[in-house]
Structure formats: C-alpha cells, structure tokens
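> what shape does this take:
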Amino acid sequence: MVFVKAKVGPALIGHPKGEFTVHYFDEQGNLTIRSKGKRAWRCNNPGNLKVGKYSMSKSRRAIGSAGDSEDEYAVYPDYETGHEALVVMLKGSVYSPLTLKEASLKYVSSDKNHIHKIVKFSGLDPNRTIKSLSGKEFELYWKAIEQNEGWEVGNEDFIEKWIISGVHKKRGIITEYLINRSGKSQWIVKLDAIELALQGKLHVVLVHHKDGYYLRPEHGSKPFEIIV
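Residues are numbered from 1 along each chain as shown. All right, here's what the predicted structure looks like:
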C-alpha cells in the first residue's frame, strides 16, 4: 500500500489527549488510521523530526504533518523515507561538523540527558564529530537515535473507500446507486448511499441543499452512468 497523503486525527476515546492518531490516504482514497504505538511509528518518522523547512522540503518527500497543541511532526509515506530524512540531516552541513554532544543539544534541546542515552546505546565518544565517524560508527549513531525515539507498532484500522459505478433513475430522480467495493458490485438505495458518504466511505462529493443531501461525482470524474 502506497500512502500519498496524511493528516493528524484526534486521540481515540479513552486515550491520553496528546496521543493523536495519524490518518493516511492511499492513491485510491482509502483511509488507514494509525493509533497507539509510538509517535515515531504513527508518523513513519523514526527520528521524530519536527515540522520545519528541512523535514517538509520537497526532497524529503513528507506527505503531511501531525502533532498535538505543543509540537508538530513530519509524516512520511514509510519508514525508509523517514529514516532517510534523519540520516541525510545528520550527514548534512549543519550537523556533520558538530560533536555528538553538540548535535544532541541541537536535536533535542529540551532533553539535557539525550547525549547520555545516545552514548549508552552506541558506546561512542560524545566529543567525536559526526563527520569523523566511520560508516559502522555512524550506523551505531543513527540506530541509537532511533532506539531512543522509540519505534513501537500500534494499531492500524483500514477504511476502504468505494466508488459509484452506476445509478438507477425513476422519473429523472436517482433512486439507487451501484457501489463497487472490493471488486464486487451492489445496489443500494439513495439514503444508504448518503449515509456512506457522510461516513467518508464513497468517492463522491456530498452536497447539502435545502431539501437534504445529494451526491455528485468528484471533480474530474465522469458523470454517473445511468443503468436501465
């Protein structure tokens, strides 16, 4: 599954207020909701990079952002892209000249013990500069950062979004919709189709007017096919 867009969602009922969910959308518009687990996993952001010019740049390929009232984090389409963002940052001109201790202070200024955790996990000298690390040492370094940030898999809830492939009309008024879901088609009455649209499960535009709701194709889509 390829995620192309993401946004923050509310915490689930009974969960801590700051434990936001992340809503991912694939190319078909299907929704995957990530909850619980660690924030790094929910955002596909193993370094927990906050929203900024670097983390949200075109080259880093973030697909959205998520966070709470205090902090906002970049959301990436998968672990590999999020991991690349961390590694490229550490190897870049801003971080590479710094010692590991200086890098920790810049990376997480609010956590004065960050460098001690990194040293504990990696066994590296905090006074070494990042650019002085060998390939193996650099791997120990980024692994220590990711270990400290945490990567715990939580829950994923998949909500498939369905398409309307046809309609029945009676006296010029749509009475039924042909819904295509998981490769199977099913006729449903107009009220049921509107309810699905209200739940965000249909590829349609839900229009509200004085007499209630009606459905129309998404922008750029073909008109509904009238099936006799």
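> from now on I want contacts and neighbour counts done on CA atoms only, so please keep to that.
Noted.
> what about residue 149, neighbour count?
Residue 149 has 17 neighbouring residues, counting by other CA atoms under 10 Å.
> what does residue 202 give?
26.
> what of residue 120?
Quick note: residue 120 (other CA under 10 Å) scores 11 neighbours.
> so it is in which element?
Here residue 120 sits within helix 114-122, counting by DSSP states H and E.
> over to residue 127?
Per DSSP H and E, there is no helix or strand for residue 127.
> ok, it - contacts?
99, 100, 101 (CA atoms under 8 Å, 6 or more residues apart in numbering).
> among these, which ones are in helices?
100, 101 (DSSP state H).
> JSON lines for the contacts of residue 127, including pLDDT and neighbour count?
Shown next, in JSON lines, are the contacts of residue 127 (pLDDT from 0 to 100; neighbours: other CA atoms under 10 Å):
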{"residue": "99", "pLDDT": "98", "neighbour count": "18"}
{"residue": "100", "pLDDT": "98", "neighbour count": "23"}
{"residue": "101", "pLDDT": "98", "neighbour count": "22"}
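> and which of the contacts of residue 127 is nearest to residue 217?
residue 100 (54.6 Å; CA to CA).
> look up how far residue 99 lies from the nearest residue to the closest one once chain neighbours are set aside.
With sequence-adjacent residues excluded and distances taken as CA to CA, 6 or more residues apart in numbering, residue 100 is closest to residue 126, at 4.9 Å. Look at residue 126 and residue 99: by CA to CA, to the nearest Å, they are 7 Å apart.
> same check on residue 207?
Relative to residue 99, and taking CA to CA, residue 207 is found at 58 Å.
> looking at this, residue 41 is in a helix?
Yes - with DSSP: H, G, I helix; E, B strand; the rest coil as the criterion, residue 41 is assigned to a helix.
> that one and residue 184: what is the separation?
33 Å.
> got it, and residue 82?
36 Å.
> so the two - more neighbours on which side?
residue 82 (26 against 8).
> which of the three states applies to the more buried one?
With three-state DSSP as the criterion, residue 82 reads helix.
> next one: the one 3 residues further on
Assigned with three-state DSSP, residue 85 falls in the helix class.
> doesn't residue 55 make contact with it?
Yes - counting by CA atoms under 8 Å, residue 55 is a contact partner of residue 85 at 6.9 Å.
> and of the contacts of residue 127, the nearest to residue 162?
Distances from residue 162 to the contacts of residue 127, taken by CA to CA, are shortest for residue 100, at 50.0 Å.
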